[in-house]
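Participant: How does the following fold in three dimensions:
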Amino acid sequence: MSYKTMLSNLGMSIGSKKVGLLLIVFALVLLLTLTFVKAGLDAQSIALCDAFEEDMESCPAHNSNTSWFLTGAFGL
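Facilitator: Next up is the predicted model:
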């Protein structure tokens, strides 16, 4: 059953162009959100590195996998 059939059963009609436009807007909002999250994490990493400036091995920012998760989210 397609989305048009489901929506027409509900009394709604939506075109392919509107669905495409909604998907593009959703993707842009998601990209903007991910960008702000990445910028916030980068700022935290800089602050942590400044606090642990004596040894890079003891810096929690360099031992975190968070950047890999964000890279995967951007990829998806």
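Participant: Mind listing what's buried along the longest helix belonging to the chain?
Facilitator: Secondary structure of the chain read by DSSP state H shows that its longest helix is helix 16-51. Judged by neighbour count (16 or more other C-beta atoms under 10 Å), helix 16-51 contains these buried residues: 38, 41, 45, 48. Every residue, glycine included, has its C-beta placed from N, CA and C.
Participant: Packing partners of it?
Facilitator: Contact partners of helix 16-51 among helices and strands, from 3 or more C-beta pairs under 8 Å, 6 or more residues apart in numbering; DSSP states H and E: helix 66-75.
Participant: could you redo the last one with a cut-off of 10 Å?
Facilitator: When contacts are defined as 3 or more C-beta pairs under 10 Å, 6 or more residues apart in numbering; DSSP states H and E, helix 16-51 sits against helix 3-9, helix 66-75.
Participant: quick one: contacts of the longest one?
Facilitator: Residues from elsewhere that reach helix 66-75 (C-beta atoms under 10 Å, 6 or more residues apart in numbering): 30-31, 33-35, 37-38, 41-42, 44-45, 61.
Participant: Okay, now the unreliable bits of this protein?
Facilitator: Applying pLDDT under 70 to the chain picks out residues 1-13, 53-58, 60-63.
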